[in-house]
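1. Pasting the sequence and the predicted coordinates here, then a few questions.
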Amino acid sequence: MDFGIHQQVLLAVFCIALVLGAIAQKTHFCTMGAVSDWINMGDTGRMRAWVLSMAVALSGVVLLEATETINLSAETFPPYRTASFAWLRYLAGGVLFGIGMTLGSGCGNKTLVRIGGGNVKSLTVLVVAAASAYLMLWTPLFETAFVPAIRATTINLSQYGMPTQEAGSILAVMAGLEPSRTLNLTVSAVAALGMFAWVFKSRDFRASFDNVLGGAVVGAAVTAAWYLTGGPLGRAWKEYAEMATEIPSRVQTQSFTFISPMGDTLRYLMEPAKLSLINFGVVALAGVILGGFLYALATRRLRFERFFTFGDFASHVLGGALMGIGGVLAMGCTIGQAVTGVSTFAIGSILAFLAIVIGAAGTMKFQYWRLMQEQ
């Protein structure tokens, strides 16, 4: 097989994901852990690392769009800035995912990193989440169970003069102004500066090398993927796909997300000879797992972890199912919406992020209450 532009893009994605997995393993970057530390101990270190990743990614997008290198208001996967504001989808999917990642002991990215470290419990979560995501993506389940409610509650923002669901466009219309690219970039830049200010206000955070490194690398990885798939190479990649005899899967402007790719990976494994099904998400999953494994191996962090009770097994299975369903419903996870999506400054992504935190925090509070009742 020729090593053409399609293979170049996928190799670059794999390399970025490899670094992402290794750094997440080193720094313990974990979005579920961020919520847990905050809710249970009042420690905001990992929450600030999460917000730092958003700030870095948002700043990167502002720079890339200001220089007209990329345009995320055009077609992307998923369609973050679409004028169809499916608020119920973001809210319900985010809550389900937040519950699921708490029961499953980690978000999509953390699940992959833990697999690289030898965690069989996370492998179980991956298998169940992949199966659930596959059912949502490639069977009538989503169309039958969710689309009627989504259609009934979706707001077409274009009817109100908002070309996209960017926060800047919505604020402009609310203020009686005409939405513009300059205004959107300004609003995004101010928001990014506010995030940086909150993150680095903490002396403890500034003193934590791992938290700073983890947040910075995750945000930079998201920015790099946007540039890769939406910049000059990405445009050539799309032109190649349009002329290809067998069109490759998901050749679109995109960045990191980890739930839909689980469903896509299962789809490929069902037809392993069909190489066109190997897409951005599939190689990203493989890269994060391998990156986590290589770092754990090099630092002797490999540790076999298995289930000891049926209750623990059942909790992780349910968590995986809710992650797969909720992640596809919300069009992203704690990385796919809360970092990649927030980097587009779409209000749907912001809503999904808040819903994920609410779902996770509520589940943690319930688990603590139940534990107290049993004592």
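-> Right, received. Where do you want to start? Numbering: from 1, shown residues only.
2. Grab the nearest non-local neighbour of residue 250.
-> In space, and not counting its chain neighbours, residue 250 is closest to residue 279: 4.3 Å by CB to CB, 6 or more residues apart in numbering. All C-beta spots, glycine's among them, are computed from the backbone N, C-alpha and C.
3. Correct me if wrong: the one you found contacts residue 252.
-> No: if you go by CB atoms under 8 Å, residue 279 and residue 252 don't touch, sitting 9.4 Å apart.
4. Looking at the two, which has the bigger crowd around it?
-> residue 279 (24 against 19; other CB atoms under 10 Å).
5. can you tell me how far the more buried one sits from residue 312?
-> Distance, residue 279 to residue 312, by CB to CB, to the nearest Å: 33 Å.
6. repeat for residue 373
-> Applying CB to CB to residue 373 and residue 312 gives a distance of 19 Å.
7. now swap in residue 65 and tell me
-> As judged by CB to CB, residue 65 and residue 312 stand 45 Å apart.
8. Look at these two and report which has more neighbours.
-> residue 65 (20 against 14).
9. That one sits in which helix or strand?
-> helix 45-66 (DSSP states H and E).
10. how about that helix: buried residues?
-> Neighbour-count burial for helix 45-66, counted by 16 or more other CB atoms under 10 Å, picks out 45-65.
11. Next: stretch 172-190.
-> 172-173, 179, 183-185, 187-189.
12. Among the residues you listed, which pair sits farthest apart?
-> Spatially, the most separated pair among those is 173 and 189, at 19.5 Å (CB to CB).
13. Quick check, pLDDT for the residue nearest to residue 250.
-> With respect to pLDDT, residue 279 scores 98.
14. Can you pull the phi and psi angles for it?
-> phi -120, psi -170 (degrees, to the nearest 10).
15. so what's it up against?
-> 10, 248-251, 261, 264 (CB atoms under 8 Å, 6 or more residues apart in numbering).
16. Neighbour-wise, give me the winner out of those.
-> Neighbour counts for the contacts of residue 279 (other CB under 10 Å) peak at residue 261, which has 28 neighbours.
17. so when I look at that residue, I'm seeing a helix, right?
-> Yes: assessed by DSSP: H, G, I helix; E, B strand; the rest coil, residue 261 belongs to a helix.
18. That one touches residue 281, doesn't it?
-> Yes: between residue 261 and residue 281 there is a contact under CB under 8 Å: 2.5 Å.
19. can you give me the strands for the stretch 51-200 of the chain?
-> Taking DSSP state E, counting those that start in this stretch as the criterion, the stretch 51-200 of the chain carries its strands at 76-77, 84-85, 155-156.
20. Contact partners for the nearest residue to residue 64 once chain neighbours are set aside?
-> Counting by CB to CB, 6+ apart, residue 64 lies nearest to residue 70, which is 4.7 Å off, once chain neighbours are set aside. Residues near residue 70 by CB under 8 Å, 6+ apart: 61, 64, 226-227, 230-231, 234, 253.
21. what separates the residue nearest to residue 250 from residue 116, distance-wise?
-> With CB to CB as the criterion, residue 279 and residue 116 are 21 Å apart.
22. now do residue 346
-> 31 Å.
23. Perfect, that will be all.
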